[in-house]
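*Asks:* quick one, what's the 3D model for this:
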Amino acid sequence: QVQLVESGGGLVQAGESLRLSCAASGNIFSTNAMAWYRQAPGKRREWVATVPNGEAITYTDSVKGRFTISRDAAKNTVYLQMDSLKPEDTGVYYCNALMRVVTPHGINGMEFWGEGTLVIVSS
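*Replies:* Prediction:
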């Protein structure tokens, strides 16, 4: 019903920047929120940032002041600008979306995940 496709990951050195993108497509009626999560090697997936529709943007403490999440509603795309990257930011970054989608049974609220994009920050 909805596909999320991330891009922008790569290998960078500590202190450098990357910009991740996540484009949503499908039978989208409306978007409640879009977010980024990440999973470091050997660790559980953790929340990074959320941009809700019409509410305040929030960040996990470890990225405050370094990462900026933004959303282009017209393009159904969410971005994550990552500055001053640190080796501990290494991981697979996943896009998450809470959307209302059109189904054969009506309009339903659903959660979607992208397949992830790998970010490696070397020291």
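*Asks:* where along the protein do the helices fall?
*Replies:* Here the chain has no helices by DSSP state H.
*Asks:* excluding its backbone neighbours, what's nearest the residue positioned nearest the centre of it?
*Replies:* Nearest residue to the geometric centre of the chain (Cα atoms, centre = their mean): W36, 2.8 Å. Distance criterion Cβ to Cβ, 6 or more residues apart in numbering; nearest residue to W36, sequence neighbours excluded, is V48 at 4.4 Å. To be clear about C-beta, it is placed using only N, CA and C from the backbone, and glycine gets the same treatment.
*Asks:* run a quick check on the residue nearest to the centre of the chain versus C95, I expect a contact.
*Replies:* Yes: applying Cβ atoms under 8 Å, one finds W36 in contact with C95, separated by 6.3 Å.
*Asks:* which residues are in contact with both of the two?
*Replies:* Common contacts of W36 and C95, defined by Cβ atoms under 8 Å, 6 or more residues apart in numbering, comprise L20, C22, V78.
*Asks:* list just the nearest of these to E6.
*Replies:* E6 has its nearest neighbour among these in C22, at 4.8 Å by Cβ to Cβ.
*Asks:* returning to that earlier point: ok, now which ones touch the residue nearest to W36?
*Replies:* A35, W36, Y37, R38, Y59, T60, V63, F67, I69, L80, Y93 are the contacts of V48 under Cβ under 8 Å, 6+ apart.
*Asks:* you'd agree the third one is up against A97?
*Replies:* No: the pair Y37 / A97 is not scored as a contact, 11.3 Å apart, by Cβ under 8 Å.
*Asks:* follow-up on the earlier one: beta partners of the residue nearest to the centre of the chain?
*Replies:* When bridges are called by DSSP bridges, W36 pairs up with A49, C95.
*Asks:* from here on, call the first residue 115.
*Replies:* In the new numbering, first residue 115, that becomes W150.
*Asks:* who are the contact partners of it?
*Replies:* L134, C136, V162, A163, T164, I183, V192, L194, Y207, Y208, C209, N210.
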